Each structure stands twice: as structure tokens, then as C-alpha cells.
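1. any chance you can model this:
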Amino acid sequence: MHREWDAFEASKKEVAEEKAKVSVLRAKLEADQAKFESEQKTEEWSATGWKRKAEAEAA
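-> Numbering: from 1, shown residues only. This next block holds a predicted model:
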């Protein structure tokens, strides 16, 4: 019984540590996704701006 309880406590501690790691990685992922989307929008707007500029010069 004592060994089982120790094993349970050890696994419980490991799960808590893994949950902490996951929450840190999830926050980093969300920040990276937001950064990527921001850069993607900037690239799209830049491309749209150049397209409008070229159309204005052609007209």
C-alpha cells in the first residue's frame, strides 16, 4: 500500500509539472500565432498597396 501511494504521489507531481509546461507552451504558441497573423496581414496590406499603386500609375 505504501509503495502504491508513493507511486501515486510521484505521478501526481509529474502530471502537475507537465500541466505547467503545457500552459507555458500554449501561451507561447498563442503569442507566436498572433505575431504570425499580424505579419501576414502586414504582407497582405503591403501587396494590396503596391497593387493599387501600380493600377493608379497605369490609369
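
2. so where's the chain uncertain?
-> Residues of the chain meeting the criterion pLDDT under 70: none.

3. can you give me the helices for it?
-> Along the chain, the stretches classed as helices by DSSP state H are 2-58.

4. for the residue nearest to the spatial centre of it, what are its contacts?
-> Taking C-alpha atoms, centre = their mean, the centroid of the chain lies closest to residue 29, which sits 1.8 Å from it. By C-beta atoms under 8 Å, 6 or more residues apart in numbering, the contact set of residue 29 is empty. Where you see a C-beta, it was placed from the backbone N, CA and C, and this is true even at glycine.

5. how far away is it from residue 36?
-> Applying C-beta to C-beta, to the nearest Å, the value for residue 29 to residue 36 is 10 Å.

6. how about residue 28?
-> Distance, residue 28 to residue 36, by C-beta to C-beta: 12 Å.

7. and what of residue 2?
-> Residue 2 is 51 Å from residue 36, by C-beta to C-beta.

8. which one of the two has more residues nearby?
-> When neighbours are counted by other C-beta atoms under 10 Å, residue 36 comes out ahead of the other of residue 2 and residue 36, with 10 against 6.

9. can you tell me how far the more buried one sits from residue 50?
-> 21 Å.

10. what of residue 27?
-> For residue 27, the distance to residue 50 - C-beta to C-beta - is 35 Å.

11. count the neighbours of residue 55 for me.
-> Each residue near residue 55 was counted by other C-beta under 10 Å, and the total is 9.

12. in contact with it, which residues?
-> Counting by C-beta under 8 Å, 6+ apart, residue 55 has no contacts.
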